[in-house]
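> Starting from these lines, generate the structure:
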Amino acid sequence: MGTGDSGKISFFEKAGYGCGDFASVLFWATISNWLLYFYTDVFGISAASAGLMILVSRLWDGINDPVMGMVADRTRTRWGKFRPWLLWMAVPMGLIAVFTFTTPDLSGTGKLAYAWVTYMLFMMVYTAINIPYSSLLGVITDDPVERTSVAFYKYVFALTSSGVVSLVGLPLAQNIFGRKLATAVLGHPSEAFGWQMMMVVFSIVAIGFFLITFISVRERVQPPPTQKTSAVRDLQDLLSNPFWLILLVVR
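Now for the predicted structure:
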């Protein structure tokens, strides 16, 4: 692998890259911490239905993640191959996150279908932005010391975002938006409204942070011109990898 630009990575670019993980974790920590509660206690579907949906999405991720990696690696634009996905997917990611935490006025079957569609779309769009984002770390620089430093910023921003979700997610959804704002707008408290508005706020912040990453980061490391890849060969290598197959089964 060669690099078209050498030298130290600036603080601003490192922090800009970390912003992308702040955005990703806003979504992921909210899903991990609160989605099951939201589905069962607010949205109104059974724990068994929600659990099955989450299980199926995890199995699909085992296929979707490497496929997205192959697609991103073959992307060719003037911005690079990984950066443009942050630009293309930031707004769709925010929108589908809001839809996922929206409670529609539907029957039980209709709600279940809505939950399946929005959650599966959420996981697919999350993969479409997070796999390229994570891959950016390998092409910002080929200096292992600088790459470790960039990864440290990524970790700090992710930890900060997780703390923000843990500290303010529930109070925003249940009290600030679900009680105070809902009473002012709807005339009565509504936890469903609160969760929707909380995700609107998180999505606006996340979109902004993804765009900061897109603007501030550069792809410097380029593959050798003679390097040739084949999607068929990549799939064959994947299917012949016993560790991936085990992970697909147990995840």
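> Now do the contacts for residue 120.
When contacts are counted by C-beta atoms under 8 Å, 6 or more residues apart in numbering, residue 120 touches 53, 56-57, 60. C-beta: built from backbone N, CA, C; applies to glycine.
> how about a cut-off of 7 Å?
residue 57 (C-beta atoms under 7 Å, 6 or more residues apart in numbering).
> secondary structure element for it?
Assessed by DSSP states H and E, residue 120 sits inside helix 108-140.
> same check, this time on residue 145
Per DSSP H and E: helix 144-171 holds residue 145.
> Okay, angle between that helix and helix 108-140 too, please.
Helix 144-171 and helix 108-140 are oriented at 160 degrees to each other (axes from the mean of the first three to the mean of the last three C-alpha atoms, to 10 degrees).
> what mean pLDDT does helix 144-171 have?
Averaged over helix 144-171, pLDDT sits at 96.
> helices or strands next to that helix in the packing?
Contact here means 3 or more C-beta pairs under 7 Å, 6 or more residues apart in numbering; DSSP states H and E; on that basis helix 144-171 packs against helix 11-37, helix 108-140.
> How far does the last one sit from its chain's centre?
Which is helix 108-140. 6 Å (C-alpha atoms, centre = their mean, to the nearest Å).
> which of the residues in that helix are buried?
111-112, 114-116, 118-137, 139-140 (16 or more other C-beta atoms under 10 Å).
> Over to stretch 210-225?
For stretch 210-225, by 16+ other C-beta under 10 Å, it's 210-214, 216-221.
> Show residues contacting that stretch.
So stretch 210-225 is in contact with 1-5, 12-13, 16-17, 19-20, 23, 80, 82-83, 86-87, 90, 129, 136, 138-142, going by C-beta under 7 Å, 6+ apart.
> For the closest residue to residue 50 other than its chain neighbours, give its distance to residue 195.
Nearest residue to residue 50, sequence neighbours excluded (C-beta to C-beta, 6 or more residues apart in numbering): residue 39, at 4.1 Å. Using C-beta to C-beta, to the nearest Å, we find residue 39 at a distance of 10 Å from residue 195.
> More neighbours: the two, which one.
residue 195 (29 against 25; other C-beta atoms under 10 Å).
> Surely that one and residue 38 touch.
Yes - the pair residue 195 / residue 38 is scored as a contact, 5.7 Å apart, by C-beta atoms under 7 Å.
> Need the residues touching each of these two.
residue 101.
> pLDDT score assigned to residue 59?
With respect to pLDDT, residue 59 has a value of 87.
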